[in-house]
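>>> structure for this input, please:
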Amino acid sequence: MGKVITVDFRNDTLFAVERDDGVFIALKPIVDRMGLSWGSQHNRLMRDPILSEGIFTTKMPSIGGAQETTCLKMQLLNGWLFGIDESRVKDHEVREVILTYKRECYSVLFDRFYGKMTKEAPLIEDEPHENESVKLRMINESRQVFGTQAAAQLWFRLGLPVVPAMLHDPRQLNLLDYSVIKTAEAA
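Next comes the predicted model:
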């Protein structure tokens, strides 16, 4: 089954299952909390070609004993949630709950792609599969727009290799003054 995780979200307890292939969120408690019809939401999940790929059913503990629970892969949760048309919900309180969940998801998506807008936020998350040529194009663009110092900082931030010529060739010192950059990052 996997490890069951509970998450407190705005005074609601959400359940998830952590497995080798990812984290899956139990949907029925969320649907119930929103005051929506589980049958309608389950049918919508099954009709969607992407969301249906991320569904699995498992038994989860409950007050009445282990119950069959439909779970959705966490990466797909926002897609499902954004597909709910709150304008079709007549109950104002239920509509507000749906909007609260959606607002939180928008915020999480923004933070994921742009990071927390703080001074210490990482510039870029280094993905192991990211193409080197994309990194080099980013550095070239950075040099053209912001100058050589910004390009140099980006070079080191992206973890691109440093070769001795970069540190000792006088022509390169202006572009990649490693000691100045490392000192500035440490400060």
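
>>> hey, let's count contacts and neighbours off CA atoms from now on
Noted.

>>> what comes into contact with the longest helix along the chain?
For the chain, the helix that runs over the most residues, judged by DSSP state H, is helix 92-114. If you take Cα atoms under 8 Å, 6 or more residues apart in numbering as the criterion, helix 92-114 is touched by 34-35, 78, 81-82, 86-87, 89.

>>> quick one: which of those residues is nearest to L14?
Each of these was checked against L14 using Cα to Cα; the closest is M34, at 12.3 Å.

>>> got the contact list for the closest one?
94-95, 97-98.

>>> closest to M46 out of those?
Closest to M46, out of all of the contacts of M34 and judged by Cα to Cα, is I98, at 20.6 Å.

>>> what's the pLDDT at the closest one?
pLDDT recorded at I98 is 85.

>>> please enumerate the strands of this structure.
Secondary structure of the chain (DSSP state E): strands at 3-9, 12-19, 22-26, 55-60, 67-73.

>>> nearest to K135, out of these?
For these, proximity to K135 was assessed by Cα to Cα; strand 22-26 is nearest, at 28.1 Å.

>>> now the angle from that closest one to strand 55-60?
Relative orientation of strand 22-26 versus strand 55-60 (axes from the mean of the first three to the mean of the last three Cα atoms, to 10 degrees): 70 degrees.

>>> quick one: strands adjacent to strand 22-26?
strand 12-19 (antiparallel), strand 67-73 (antiparallel) (DSSP bridges).
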